[in-house]
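Colleague: got a structure for you, letters missing:
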């Protein structure tokens, strides 16, 4: 038996013993996710137990080095872990911007002290992070951001406003892009800093979205003191960190098109019925089949880009392709879910619709092609960096 | 298994790429078309295919081949697509060989070495109507004497007019639409009562109609089992679909690559047209489609090598994606080339012709979407 085969059988056995049965049920809705953090209230003992057991093995961040709380797994081992978790329907033990976005950036750009300080608490789900990127006047043109961090000797003094800060009202810390040199060209005066959301001068205001929910906030900084040691990478070189982190954010968003749930064909069968084993609405059936083909191909493309990365044949801008396609695919999936659901899917309140879950989720997906860089920005990046088209 | 070519596969791809670009670029296709070549392909080139080992890529080593798999055959198909090379490679080296291997033909040891040596051409005759429909086979196989008598018509038989041996799907029992009752026959095209009409197609690649009028074949002409031909036919068609998908990737990517080059060179309004965002975004979208399709096609080919009996959904996903993606690629290619893209002098429109044919071959995107929906039970 090869090393990977024995890793697989050990992993299977361990998951079998340690993943609580209730953590193998599909998520009912987003409320079932575990985000961790100082103020986190576990939804169940099983949720807590599952996080603790996985974190103890470093498997909340399987490929991070063990010394920083990760699992120290190779890409191949991590893939096996994912496959084995999927096979039993295991939920993610921890959803975390720290794991998905900040961690990879710290591993690449952080100092040894920063890695030791921040990464282990991320893997244990003790600190919940949010992302301070967009500003009211800096959306797609992110590098025009104006939040100011003045050098005050031993600390930075931060003033300004961020927007679309996901879960800022629930987060413990923020990784934030700030302008440290207003005189330089826009990409060359930005720094990447970390600070505690409990710092004096930080306030947040949730934004009500068309879904009726408020996952995003406006975040205000009024004379916030940030210790100098919280600078990641070099002063005024934050744009490099920001871009690197964005590639990870894009990878995170690209996966959402594949979110589990009942197959569309079955969902549609509930409402439109079947004739001779095929959906009674042939046009809807054709659309669903076309979607299933694209989604399956996309899943394989995700896998292939991972394999290319391992073989050192991947172009970094491929993450833009995956983000673009994954976002558009997820929007298409939810349009089809609404179409299949008909008027049932339009109910906004009440038990039957589980609080309008279908419609609210559908509306939420419209942000997929905006957040993390719009679809148009991704296409710009592909045109410029992959196709090397002029003037792009 | 990683979704990248391994070292040996990459080497084969490299040698196929160099070989085809050198020996059979689009100019080679033009020469055959413009001279109205009777064979529709070059026998000299086919000899060189054999010398390179390509004709026997799927033929087991004990029968004189390379004993490689569908991923390797796919790399050759992709290069054929890139160069629009007219070649019996698909019908003989892939479909023909697979039919003999899967049908467990008793003539394997006689025929496979001939194919590998480039001395025997085969063709598969399935479709009878304008749209692909292997279940619809109606060509009658009636018991007669020591064997069967075949009557009916076949259409869109790739390389049908040059084949030395035909594989014919016929109905020996049951009714069109049923999968039971099909029988595969190996038929000599010179048999009495069989008329072969070459059909000149839009892409100037080979195809033929076959008219069977009480064509007498012996019982030993049966490939596989009488009335039980469906599983073999399906499996051979899946192999063909995977191979055509690989060809479509080559066609689409080549048309795209040429178009991106053109966007950088062509100037209007005082600048390269590739500077216009309207075109950049369409090019970037197309790039994404091609990359995603490439993953789906490679996976299907790997599955044909590893678990051929479970390849059906992946093959349909690959063929549907490849057809749609290549269609988009050639449409954008002609549009972005503008007026010059409409001319016969420039190659780009020729890719559109080949893609249209390859999209139809062995089932178009709708056929495969329907098939996937059935497999997923909706």
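Modeller: Happy to help now that I have it. The structure presented is a predicted model; accordingly, all values stated were derived computationally and were not measured.
Colleague: can we go C-alpha only for contacts and neighbour counts from here?
Modeller: Fine.
Colleague: near chain A, which residues of the stretch 201-350 of chain B?
Modeller: Residues of the stretch 201-350 of chain B lying close to chain A by CA under 8 Å from any CA of the partner chain are B:260, B:263-264, B:272, B:274-275, B:277, B:280-281, B:283-285, B:288, B:291-296, B:299, B:317-318, B:320-321.
Colleague: Identify those among those that sit within helices.
Modeller: Mapping those onto helices (DSSP state H) picks out B:260, B:263-264, B:277, B:280-281, B:283-285, B:288, B:291-296, B:299, B:317-318, B:320-321.
Colleague: So residue A:174, which state does it fall into?
Modeller: strand (DSSP: H, G, I helix; E, B strand; the rest coil).
Colleague: Could you count how many residues lie near it?
Modeller: By other CA atoms under 10 Å in any protein chain shown, the residues close to residue A:174 number 21.
Colleague: Once you drop chain neighbours, what's closest to it?
Modeller: residue A:130 (4.8 Å; CA to CA, 6 or more residues apart in numbering or on different chains).
Colleague: can you list the domains in chain B?
Modeller: According to automatic domain parsing, chain B comprises the domains B:7-120, B:124-223, B:230-375.
Colleague: and those, which is most packed in?
Modeller: Ranked by mean neighbour count, the domains of chain B are led by domain B:230-375 with a mean of 22 (mean count of other CA atoms under 10 Å in any protein chain shown).
Colleague: How far off centre is that domain?
Modeller: 13 Å (CA atoms, centre = their mean, to the nearest Å).
Colleague: just stretch B:178-195 next, same as before
Modeller: 20 Å.
Colleague: Give the other helices and strands that the helix or strand harbouring residue B:18 contacts.
Modeller: Using DSSP states H and E, residue B:18 sits in helix B:7-23. The criterion is 3 or more CA pairs under 8 Å, 6 or more residues apart in numbering or on different chains; DSSP states H and E, and the helices and strands that helix B:7-23 contacts are helix B:70-83.
Colleague: change it to 10 Å
Modeller: Contacts defined by 3 or more CA pairs under 10 Å, 6 or more residues apart in numbering or on different chains; DSSP states H and E place helix B:7-23 against helix B:26-34, helix B:43-52, helix B:70-83.
Colleague: Check whether the last one comes into contact with chain A.
Modeller: No. Between helix B:70-83 and chain A, judged by CA under 10 Å from any CA of the partner chain, nothing touches; the nearest distance is 14.9 Å.
Colleague: Just want the angle from that helix to helix B:7-23.
Modeller: Here helix B:70-83 points in a direction 20 degrees away from that of helix B:7-23 (axes from the mean of the first three to the mean of the last three CA atoms, to 10 degrees).
Colleague: does stretch A:326-340 come close to chain B?
Modeller: No. Using CA under 10 Å from any CA, stretch A:326-340 stays clear of chain B, coming no nearer than 10.6 Å.
Colleague: what sits against residue B:9?
Modeller: B:15, B:68, B:69, B:71, B:72, B:73, B:74, B:75 (CA atoms under 10 Å, 6 or more residues apart in numbering or on different chains).
Colleague: do you know how far it is from chain A?
Modeller: Counting by CA to the nearest CA, to the nearest Å, the gap between residue B:9 and chain A amounts to 14 Å.
Colleague: host element of residue A:352?
Modeller: Counting by DSSP H and E, no helix or strand carries residue A:352.
Colleague: To what extent is residue A:24 buried, counted in neighbours?
Modeller: Using other CA under 10 Å, the number of residues around residue A:24 comes to 16.
Colleague: ok, it touching residue A:90?
Modeller: Yes. Counting by CA atoms under 10 Å, a contact exists between residue A:24 and residue A:90, whose distance comes to 4.4 Å.
Colleague: farthest residue from the center of chain A?
Modeller: residue A:276 (41.5 Å; CA atoms, centre = their mean).
Colleague: residue contacts, residue 23?
Modeller: I went with chain A, as the question did not name one. Taking CA under 10 Å, 6+ apart, one finds A:32, A:44, A:46, A:47, A:49, A:50, A:88, A:89, A:90, A:91, A:92, A:93 in contact with residue A:23.
Colleague: nope, chain B please
Modeller: Contacts of residue B:23 (CA under 10 Å, 6+ apart): B:45, B:48, B:83, B:85.
Colleague: Then residue B:183?
Modeller: B:140-141, B:168-173, B:222-230, B:232-233.
Colleague: Skipping its backbone neighbours, what lies nearest the residue of the stretch 1-150 of chain B found nearest chain A in space?
Modeller: Nearest residue of the stretch 1-150 of chain B to chain A, counting by CA to the nearest CA: residue B:3, 5.0 Å away. Of all residues not flanking residue B:3 in the chain, residue A:304 sits nearest, at 5.0 Å (CA to CA, 6+ apart).
Colleague: Test my guess that that neighbour contacts residue A:312.
Modeller: No. Look at residue A:304 against residue A:312 with CA under 10 Å: they stay out of range, at 12.0 Å.
Colleague: okay, these two: which has more neighbours?
Modeller: Neighbours were counted for residue A:304 and for residue A:312 using other CA under 10 Å; residue A:304 has more, 23 against 9.
Colleague: Tell me if I am right that the more buried one is in a strand.
Modeller: No. In this structure, residue A:304 is helix, not part of a strand, as judged by three-state DSSP.
Colleague: How is chain A divided into domains?
Modeller: A:3-95, A:129-236, A:259-386.
Colleague: Just list the residues touching the residue nearest to residue B:3, thanks.
Modeller: If you count contacts by CA under 10 Å, 6+ apart, then residue A:304 has A:298, A:310, A:314, B:2-4, B:291-292, B:294-296, B:298-299 around it.
Colleague: which parts of the stretch 1-150 of chain B sit against chain A?
Modeller: With CA under 10 Å from any CA as the criterion, the stretch 1-150 of chain B meets chain A at residues B:1, B:2, B:3, B:4, B:5, B:6.
Colleague: still on that earlier bit, where's the residue farthest from the centre of chain A relative to residue B:378, distance?
Modeller: As defined by CA to CA, to the nearest Å, residue A:276 lies at a distance of 10 Å from residue B:378.
Colleague: that older thread, could you dump the domains of chain B to a markdown table with mean pLDDT?
Modeller: Compiled in a markdown table, the domains of chain B are given as follows (pLDDT from 0 to 100):
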| stretch | mean pLDDT |
| --- | --- |
| domain B:7-120 | 97 |
| domain B:124-223 | 97 |
| domain B:230-375 | 98 |
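Colleague: wait, which of those is closest to residue A:322?
Modeller: Ranking the domains of chain B by proximity to residue A:322 (CA to CA) places domain B:230-375 first, at 7.9 Å.
Colleague: End to end on that closest one, go ahead and measure it.
Modeller: With CA to CA as the measure, domain B:230-375 spans 17 Å from end to end.
Colleague: hmm, back to that, next, the angle helix B:26-34 makes with the helix holding residue B:18.
Modeller: 50 degrees.
Colleague: Quick one: the strands in the chain, in order.
Modeller: Just so you know, I chose chain A. A:129-132, A:148-151, A:155-166, A:173-179, A:190-196, A:202-207, A:216-227, A:231-232, A:274-275, A:278-279 (DSSP state E).
Colleague: that answer is for a different chain, and I need it for chain B
Modeller: Per DSSP E, chain B carries strands over the ranges B:122-125, B:140-144, B:147-157, B:165-171, B:182-187, B:194-198, B:208-218, B:222-223, B:267-268, B:271-272.
Colleague: other SSEs contacting the fourth one?
Modeller: In this case it means strand B:165-171. Checking 3+ CA pairs under 10 Å, 6+ apart, strand B:165-171 ends up next to strand B:122-125, strand B:140-144, strand B:147-157, strand B:182-187, strand B:222-223, helix B:230-265.
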